[in-house]
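Engineer: Sequence and predicted model, in that order:
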Amino acid sequence: MAYRYWCGECGFRTPWLSRSQGERKQLDHYAARHPGIEPGGHVEANRKNPDGGVGCLPAMAVVVLLLLVAAAWHR
Ligand SMILES: [Zn+2]
């Protein structure tokens, strides 16, 4: 299964990766962009398309929308 890690501080997200790869990317991102901040955000699991690609666009749109709302709420 593929995982995508979303940054809790900005709109950054990793590509679809394995769990350990995604975790490392997320940590790298925090180290580079948000030094001193505990890594947060959330993990998205790709159950239907382990290889990525366009699968469940409506669900994706909802996730992105929620994220935008959350980001706006944060400021
Ligand atoms: Zn970020």
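Structural biologist: Okay, I see it.
Engineer: alpha carbons only for contacts and neighbour counts from here, please
Structural biologist: Noted.
Engineer: how close does residue 65 get to residue 43?
Structural biologist: Plainly put, residue 65 is 16 Å away from residue 43 if you go by CA to CA, to the nearest Å.
Engineer: between these two, which one's more packed in?
Structural biologist: residue 43 (17 against 12; other CA atoms under 10 Å).
Engineer: element containing the closest residue to that one other than its chain neighbours, please.
Structural biologist: Closest residue to residue 43 apart from its sequence neighbours, by CA to CA, 6 or more residues apart in numbering: residue 5 at 4.6 Å. Here residue 5 sits within strand 2-6, counting by DSSP states H and E.
Engineer: ditto for residue 62
Structural biologist: Counting by DSSP H and E, residue 62 is part of helix 57-74.
Engineer: Identify the residue nearest the closest residue to the ion within the chain in space, chain neighbours excluded?
Structural biologist: Closest contact between the chain and the ion, by CA to the ion, is at residue 10 (4.1 Å). In space, and not counting its chain neighbours, residue 10 is closest to residue 71: 7.4 Å by CA to CA, 6+ apart.
Engineer: Surely the one you found is in contact with residue 6?
Structural biologist: No - with contact defined as CA atoms under 8 Å, residue 71 does not reach residue 6; the gap is 11.9 Å.
Engineer: Compare the two (neighbour count), which wins?
Structural biologist: residue 6 (21 against 14).
Engineer: How many residues are close by the nearest residue to that one once chain neighbours are set aside?
Structural biologist: Of all residues not flanking residue 6 in the chain, residue 13 sits nearest, at 4.3 Å (CA to CA, 6+ apart). Close neighbours of residue 13, defined as other CA under 10 Å, add up to 19.
Engineer: The helix or strand bottoming out on mean pLDDT in the chain near the ion at all?
Structural biologist: Taking mean pLDDT, DSSP states H and E as the measure, the helices and strands of the chain show their lowest mean at helix 57-74, namely a mean of 82. No - judged by CA under 5 Å from the ion, helix 57-74 stays clear of the ion, getting no closer than 11.2 Å.
Engineer: Right, I'll call it a day here.
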